[in-house]
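In: Mind looking at a prediction? Sequence and model below.
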Amino acid sequence: MKVHYECLSCFITQSQKISELATEDLEKRKEAMIVAAKAVQKYYHRNAVPAIGGSLLFLELYRLLENDDPFKEYKRISNRLAKKVVEELRKELKIGLKDALKLAIAGNVIDFAVGYNPEKIEEDIEHRLNEELYIDESEELFKSLENAKTLLYLVDNCGEIYFDRLFLEKIEEAYPALKIYIAAKEAPIINDATVEDLKEADFGKVGKIVSSGSRIVGNPLEFAGEKFREIFERADVIIAKGQGNFEVMSELKDGRIFFLLKAKCMPVARELGVPRGSMVCVRF
């Protein structure tokens, strides 16, 4: 997916959030925004992919502000609250494979990049559970998994990873012969989950944790590590969570990839042909 006209304001808004999270020093914040304003021309152009351009811009700001993980506290809160919600759901509901898929998509609401308040997790998840998917190709996904030997699961944000783990448990139960790889970022970028986050959440019990080999949102292959690219190439099915993965991997037109996400912004909704806020499971 190439940039839409709204992506420019998103670059600037997120740069401001990074500067505010990274430092209390007003002069440093101003300096960061001046750097962002100059750098935008480099990263926002007709053929830019927003997740990639944004990541490169944000990493410049991280270096300037000397803060390698400005979202650290937000991610900690998101993980703590989401873990609690999933524990409650396990007690209260009998969760099947399709329910777990919907929960994984519903968990995609947890995203600081769109101004999300993690204190609302429980309320939002309960609401989304009763919502139908606007595009629902889950049966195609499940049929593909029946015939697959390997699955590569690309996580998105902290917090929602606890819903991903629940979904992966149900996949493991339904397809016990399936070899599952779960990929996360090598190092922090905005509120994306890292390999360390997956280890802390015990993802090793449901699959093999692998690093993307980079910290670029959306896992673009040109930035990925060799090991990740090898696993990507031989995977029979790929489940890609969130808007960042859609922005990058929709460009591949790869029939193995199923995108699970909530269309939180108009550019992504426009690309998918759905109303903003829609939940989808789609092969694009």
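Out: Looks like it came in fine. The structure presented is a predicted model; accordingly, all values stated were derived computationally and were not measured.
In: which residues of the chain fall in strands?
Out: Secondary structure of the chain by DSSP state E: the strands cover 135-136, 150-154, 179-184, 208-211, 237-241, 257-262, 279-282.
In: Which elements pack onto the helix ranked longest in the chain?
Out: If you go by DSSP state H, the chain has its longest helix at helix 72-92. With contacts defined as 3 or more Cβ pairs under 8 Å, 6 or more residues apart in numbering; DSSP states H and E, helix 72-92 has these neighbours: helix 121-129, helix 161-174, helix 195-200. To be clear about C-beta, it is placed using only N, CA and C from the backbone, and glycine gets the same treatment.
In: Mean neighbour count, these: which tops it?
Out: The highest mean neighbour count among the helices and strands packed on helix 72-92, using mean count of other Cβ atoms under 10 Å, belongs to helix 161-174: a mean of 22.
In: for it, the distance to its chain's centre please.
Out: Distance, stretch centre to chain centre, for helix 161-174: 16 Å (Cα atoms, centre = their mean, to the nearest Å).
In: Mean confidence (pLDDT) on it, please.
Out: Here helix 161-174 scores 97 as its mean pLDDT.
In: List the contacts of that helix.
Out: 79, 82-83, 85-86, 89-90, 95-97, 100-101, 103-104, 106-107, 125, 142, 145, 151, 153, 155, 178, 180, 182, 184, 193, 197-198, 201-203, 206-207, 241 (Cβ atoms under 8 Å, 6 or more residues apart in numbering).
In: Could you check the angle that helix makes with strand 179-184?
Out: Here the directions of helix 161-174 and strand 179-184 differ by 170 degrees (axes from the mean of the first three to the mean of the last three Cα atoms, to 10 degrees).
In: As CSV, the strands of the chain with distance to Lys170, mean pLDDT and mean neighbour count would be great.
Out: Output for the strands of the chain, formatted as CSV (distance: least, Cβ to Cβ, whole Å; pLDDT from 0 to 100; neighbours: other Cβ atoms under 10 Å):
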stretch, distance to Lys170, mean pLDDT, mean neighbour count
strand 135-136, 17, 98, 16
strand 150-154, 12, 98, 23
strand 179-184, 12, 98, 22
strand 208-211, 18, 98, 18
strand 237-241, 12, 98, 26
strand 257-262, 13, 97, 25
strand 279-282, 14, 97, 22
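In: mind checking which of those is nearest Ile12?
Out: With Cβ to Cβ, the closest approach to Ile12 among the strands of the chain belongs to strand 257-262: 22.9 Å.
In: if I look at Phe203, how far off is Leu168?
Out: 7 Å (Cβ to Cβ, to the nearest Å).
In: Quick check: neighbours shared by these two?
Out: Common neighbours of Phe203 and Leu168 (Cβ under 8 Å, 6+ apart) are Ile182.
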